[in-house]
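S.K.: need coordinates for the following:
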Amino acid sequence: MAVFEDDLLALLPRLRRFARALARDAADADDLCQVALEKALRARTSWQPGTRMDSWMYRIMRNSWIDTARSRSRAAQTFVEEEAGVAVGTEGDAEARLVQHDIDAAMHALPDEQREAVALVLVEGLAYKEAAEILDIPMGTLTSRLVRGRQALMARLGEAA
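M.R.: Numbers count the residues shown, from 1 in each chain. The predicted structure follows:
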């Protein structure tokens, strides 16, 4: 297996996590991840070795999500809400699942712009500059979205406690 595929495979857990933050729905996130991976494999010649593959993939994924959202809007399709019982069949103790559910709900309640910023910086650990480049926004805009996102998360998680 080539270095490109190895690096892409190593990023898969982070890509799935970012897809979940964007899509808010597990099935949509899996679809988004697959679309982004397919696009990356087709565009592998445009990736420059020595550059950060994670930033390149996050940009592909975000652009794919924007395309999906636009397509859905144009088609005026409606989707059924995810059924209750997201944690059914997962391992771990009940308290840990409840905490994870509260965190997921708090993230999903954020506006898209704040959720993207929080996912890239706080969850994925990217530098502000990298996240701003991926989102194609000025650093100041990213910072304000992070501040508002953090405040909203703390308020929401404080209510869940």
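S.K.: can you tell me which residues contact Val123?
M.R.: Contact analysis of Val123 by CB atoms under 8 Å, 6 or more residues apart in numbering lists Arg17, Phe18, Ala21. The way it works is simple: take the backbone N, C-alpha and C, and place the C-beta from them, glycine included.
S.K.: would you confirm that Leu15 contacts Lys39?
M.R.: No: using CB atoms under 8 Å, Leu15 makes no contact with Lys39, being 11.8 Å away.
S.K.: settle it for me: which of those two has more neighbours?
M.R.: For Leu15 against Lys39, the residue with the higher neighbour count under other CB atoms under 10 Å is Leu15, and the figures read 22 against 16.
S.K.: list the contacts for that one?
M.R.: Listed by CB under 8 Å, 6+ apart, the contact partners of Leu15 are Cys33, Ala36, Leu37, Met57, Tyr58, Met61.
S.K.: same for the worst-scoring helix or strand of the chain on mean pLDDT, what does it pack against?
M.R.: The helix or strand of the chain with the lowest confidence, counting by mean pLDDT, DSSP states H and E, is helix 94-109 at a mean of 80. Counting contacts by 3 or more CB pairs under 8 Å, 6 or more residues apart in numbering; DSSP states H and E, the secondary-structure elements packed against helix 94-109 are helix 112-118, helix 139-160.
S.K.: and if we set it to 6 Å?
M.R.: For helix 94-109, the helices and strands in contact under the criterion 3 or more CB pairs under 6 Å, 6 or more residues apart in numbering; DSSP states H and E are helix 139-160.
S.K.: re the thing from before, can you pick the most crowded of the contacts of Val123?
M.R.: Ranked by neighbour count (other CB under 10 Å), the contacts of Val123 have Phe18 at the top, with 28 neighbours.
S.K.: mind listing what the residue nearest the centre of the chain touches?
M.R.: Centroid check for the chain by CA atoms, centre = their mean gives Phe18 as the closest residue, at 2.3 Å. Residues in contact with Phe18 (CB atoms under 6 Å, 6 or more residues apart in numbering) are Ala119.
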